[in-house]
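1. okay, structure incoming, though there's no sequence with it:
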């Protein structure tokens with residue numbers, strides 16, 4: 001049986017609901033969870049992504065809303081809650097249910113504790129490498145941003161941590177918000193230690209590559225090409241001045257040439273280390289041939305099993321590794337005597353901090369980098385009655401807190417903010433510290449502003465972002481979730497076309513007047529405006545609000561009324 005025939009059989013089995021190695025991948029007991037049986041000739045790839053600078057274990061609630069429309073309805077990654085657990089055959093009372101879903105999150109969190117943390121991740125990586133000495137460790141990006149210490153050290157704390165972790169190859173996204181000069185400085189420092197690859201980042205005129213497009217690594221005598229795919233819409237989603245001299249894009253044609261070149265240089269296994277988001281990865285896999293595996297990030301989707309995608313050259317395996325340091329993907333590939341991938345075994349391992357001892361060397365590094373800031377980070381600002389989280393297509397409770405703070409502190413009527421996916425969860429009846437606030441706000445363009453917008457302009461902004469989130473073509477989804485809204489109510493039909501998804505906007509119970517101007521507070525604008533350069537950063541606004549309130553009670557979340565979504569398994 002040749003490679004095409006084998007993968008065809010594999011694809012048909014997957015389509016009929018047969019989950020290969022599903023018992024091993026979704027084991028529900030502590031015993032043996034991290035003891036992985038070897039597979040084939042053991043070309044092993046370890047993968048983590050979107051850790052967002054979370055050096056310490058934390059809580060991180062998975063989404064209860066991740067809507068798929070059109071051809072993506074009801075398919076991974078657009079499954080949440082019980083629908084996700086049923087699809088992947090995960091017991092709703094298991095540790096895996098806690099890791100992969102929001103089902104009974106608060107009760108499960110009390111039982112199973114915090115997840116992630118680089119010291120615990122380091123222990124797991126060392127454990128797997130002891131079993132598979134030649135395993136490659138791949139970092140999918142969004143590593144140097146997401147915490148106060150990462151921002152204050154310009155990413156250096158995370159650079160040092162990934163060096164100690166002995167990452168082999170990485171690509172990027174939020175890394176670029178440090179500015180192109182800082183990124184180039186770090187990449188030079190990483191030479192000979194970590195390969196930073198991105199085939200789709202070039203000079204503004206498109207002529208020259210900024211980074212290495214790929215590297216070929218020897219794994220147990222088998223040449224493995226790792227091609228980098230940085231976030232393609234970086235200049236759209238972030239201020240242009242941060243990467244003024246660089247051009248980004250999906251770059252299908254260049255990618256196909258890169259795959260062909262890597263194969264001509266002897267690569268037997270070709271891997272795309274991607275920060276596209278899973279929707280783009282699935283489409284890309286159907287259009288570019290010769291890629292054996294896509295290990296993806298950006299959309300923060302924790303998908304227990306990969307998807308096989310058919311293309312002109314055979315099939316490509318597409319996996320996505322979750323976020324916040326919660327998971328380590330372990331992919332074993334069997335390569336036959338002809339040098340073709342003939343089978344695989346995959347596990348997306350949750351990093352349970354109470355099941356893995358903290359690695360001593362990594363713990364010491366973390367202690368040292370945090371020591372100068374520990375007292376400041378630990379400042380208690382207020383108490384929260386309920387869980388504060390962010391993640392999902394619409395507002396989370398921490399998003400709502402930030403929006404409420406902007407309205408009150410900035411004396412605005414309405415508040416808008418981007419649909420960020422990163423940010424750790426604060427559990428009920430816990431103190432909200434400065435570190436918690438920074439985990440939700442630590443970016444390089446944090447300025448707040450208040451502007452006047454007409455009702456018509458507000459609706460247009462909502463329509464524009466809604467099209468970004470729910471466009472049926474993944475290539476038109478530029479990243480992030482729906483615009484977070486405070487002070488407004490509205491109706492949303494994700495299956496409509498742009499201009500028709502948003503309706504029924506009301507302000508204080510009355511219809512939003514298209515011609516009237518409203519005071520709108522916002523932050524994290526991707527447009528550099530002179531009037532916001534010296535305005536207060538968002539963390540100062542939220543800190544002032546919390547100190548004023550002292551206790552944060554549960555409040556109404558500004559969720560839209562959804563139309564046509566009654567049976568969508570992307571809603572828990």
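-> Yep, it's here. From a predicted model like this one, the values you see are computed outputs, not experimental measurements.
2. any idea which element residue 119 lies in?
-> Using DSSP states H and E, residue 119 sits within helix 118-131.
3. can you list the residues that contact that helix?
-> By C-beta atoms under 8 Å, 6 or more residues apart in numbering, the residues outside helix 118-131 that reach it are 34, 36, 38, 44, 46, 48, 51, 54-57, 135, 137, 161, 164-166, 325, 328, 330, 349, 351-353, 356-359, 361-363, 366. All C-beta atoms are positioned from the backbone trio N, CA, C, and that covers glycine.
4. repeat that for stretch 316-323.
-> With contacts defined as C-beta under 8 Å, 6+ apart, stretch 316-323 is touched by 47-52, 60, 77, 140, 142, 278, 281-282, 285, 291-297, 299-303, 306-309, 327-329, 331, 344, 346, 348, 421-422.
5. after the least confident helix or strand in the chain by mean pLDDT comes which helix or strand?
-> Ranked by mean pLDDT, DSSP states H and E, the weakest helix or strand in the chain is helix 22-25, scoring a mean of 36. Next helix or strand after helix 22-25 toward the C-terminus (DSSP H and E): strand 43-48.
6. neighbouring strands of that next one in the sheet, and parallel or not?
-> Under the criterion DSSP bridges, strand 43-48 sits next to strand 136-139 (parallel), strand 327-335 (antiparallel) in its sheet.
7. low-confidence ranges, the stretch 251-400 of the chain, go.
-> In the prediction, the stretch 251-400 of the chain carries no residues with pLDDT under 70.
8. mind listing the helices for it?
-> Using DSSP state H, counting those that start in this stretch, the helices of the stretch 251-400 of the chain run over residues 252-264, 278-287, 360-370, 374-377, 397-409.
9. for the ones you listed, which one sits closest to residue 194?
-> Residue 194 lies closest to helix 360-370 among these, at 15.6 Å (C-beta to C-beta).
10. now the angle from that closest one to helix 118-131?
-> Angle of helix 360-370 versus helix 118-131, following axes from the mean of the first three to the mean of the last three C-alpha atoms, to 10 degrees, is 150 degrees.
11. other SSEs contacting helix 360-370?
-> helix 118-131, helix 156-165 (3 or more C-beta pairs under 8 Å, 6 or more residues apart in numbering; DSSP states H and E).
12. so for residue 478, which of the ones you listed sits nearest?
-> helix 156-165 (24.8 Å).
13. which element follows the closest one toward the C-terminus?
-> From helix 156-165, the next helix or strand downstream (DSSP H and E) is strand 169-170.
14. which SSE is immediately downstream of that following strand?
-> Sequence-wise, the next helix or strand downstream of strand 169-170 (DSSP H and E) is helix 180-190.
15. chain center to that following helix: distance?
-> Counting by C-alpha atoms, centre = their mean, to the nearest Å, helix 180-190 is centred 22 Å from the centre of its parent chain.
16. quick one: residues contacting the most centrally placed residue in the chain.
-> Nearest to the geometric centre of the chain sits residue 300, at 3.0 Å (C-alpha atoms, centre = their mean). Taking C-beta under 8 Å, 6+ apart, we find residue 300 in contact with 50, 322, 323, 324, 391, 421, 422.
17. one more time with 10 Å
-> By C-beta atoms under 10 Å, 6 or more residues apart in numbering, the contact set of residue 300 is 49-50, 52, 60, 62-63, 66, 77, 142, 277-278, 320-324, 326, 391, 421-422, 481.
18. quick revisit: can you list the helices and strands packed on helix 360-370 in JSON lines and add distance to residue 489 and mean pLDDT?
-> Putting the helices and strands packed on helix 360-370 into JSON lines (distance: least, C-beta to C-beta, whole Å; pLDDT from 0 to 100) gives the following:
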{"stretch": "helix 118-131", "distance to residue 489": "41", "mean pLDDT": "97"}
{"stretch": "helix 156-165", "distance to residue 489": "39", "mean pLDDT": "98"}
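19. TSV for those helices, including mean neighbour count?
-> What follows is the helices and strands packed on helix 360-370, written out as TSV (neighbours: other C-beta atoms under 10 Å):
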stretch	mean neighbour count
helix 118-131	21
helix 156-165	21
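20. save those as CSV, and put in distance to residue 107 too.
-> Formatted as CSV, the helices and strands packed on helix 360-370 follow (distance: least, C-beta to C-beta, whole Å):
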stretch, distance to residue 107
helix 118-131, 22
helix 156-165, 32
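21. mind naming the longest helix for this structure?
-> helix 455-470 (DSSP state H).
22. would you confirm that residue 457 contacts residue 513?
-> No: when contacts are counted by C-beta atoms under 10 Å, residue 457 is not listed as touching residue 513 (11.7 Å).
23. show me the chain divided up by domain.
-> Per automatic domain parsing, the structural domains of the chain span 42-58+115-366, 378-562.
24. mind listing what residue 50 touches?
-> Residue 50 makes contact with 139-143, 146, 173-174, 275, 296-302, 320-327, 421-422 under the criterion C-beta under 10 Å, 6+ apart.
25. ok, back up a step: partners of the helix or strand following the longest helix of the chain, with directions?
-> Next helix or strand after helix 455-470 toward the C-terminus (DSSP H and E): strand 481-486. Using DSSP bridges, the strands paired with strand 481-486 are strand 414-419 (antiparallel).
26. following the partner strand, which helix or strand comes up?
-> Helices and strands here follow DSSP H and E; after strand 414-419, the next one along the chain is strand 430-433.
27. sheet-wise, list the partners of that next one with their directions.
-> When DSSP bridges is applied, strand 430-433 pairs with strand 380-384 (antiparallel).
28. buried ones in the strand it pairs with?
-> 381, 382, 383, 384 (16 or more other C-beta atoms under 10 Å).
29. also stretch 83-103?
-> Taking 16+ other C-beta under 10 Å as the criterion, stretch 83-103 shows 83-85, 87-88, 90, 94-103 as buried.
30. what is the rounded mean pLDDT of that stretch?
-> The pLDDT scores in stretch 83-103 average 97.
31. start to end distance for it?
-> Chord length of stretch 83-103, first to last residue, is 10 Å (C-alpha to C-alpha, to the nearest Å).
32. that stretch: how far from the chain's middle?
-> Centroid separation for stretch 83-103 versus its chain: 19 Å, with C-alpha atoms, centre = their mean.
33. can you check stretch 241-255 too?
-> The answer for stretch 241-255 is 20 Å, by C-alpha atoms, centre = their mean.
34. how long is that stretch end to end?
-> 26 Å.
35. and it, what's buried?
-> Applying 16+ other C-beta under 10 Å to stretch 241-255 flags 242, 243, 246, 247, 248, 250, 251, 254, 255 as buried.
36. one more: stretch 269-288?
-> So for stretch 269-288, counting by 16+ other C-beta under 10 Å, buried means 269-285, 288.
37. how about stretch 36-53?
-> Buried, per 16+ other C-beta under 10 Å, within stretch 36-53: 36, 39-53.
38. which among the residues you listed gets closest to residue 498?
-> The closest of the buried residues of stretch 36-53, once distances to residue 498 are taken by C-beta to C-beta, is residue 50, at 27.7 Å.
39. so that closest one: helix, strand or coil?
-> Following DSSP: H, G, I helix; E, B strand; the rest coil, residue 50 is assigned to coil.
40. quick check: closest non-adjacent residue to it.
-> residue 323 (3.8 Å; C-beta to C-beta, 6 or more residues apart in numbering).
41. what's the neighbour count on the one you found?
-> Residues lying near residue 323 (other C-beta atoms under 10 Å) number 29.
42. what score does residue 5 have for pLDDT?
-> At residue 5, pLDDT is 38.
43. so which of the contacts of residue 50 are in strands?
-> Counted as lying in strands by DSSP state E, out of the contacts of residue 50, are 139, 296, 320, 327.
44. run a quick check on the second one versus residue 303, I expect a contact.
-> Right, the one you point to is residue 296. Yes: with contact defined as C-beta under 10 Å, residue 296 reaches residue 303; the gap is 9.1 Å.
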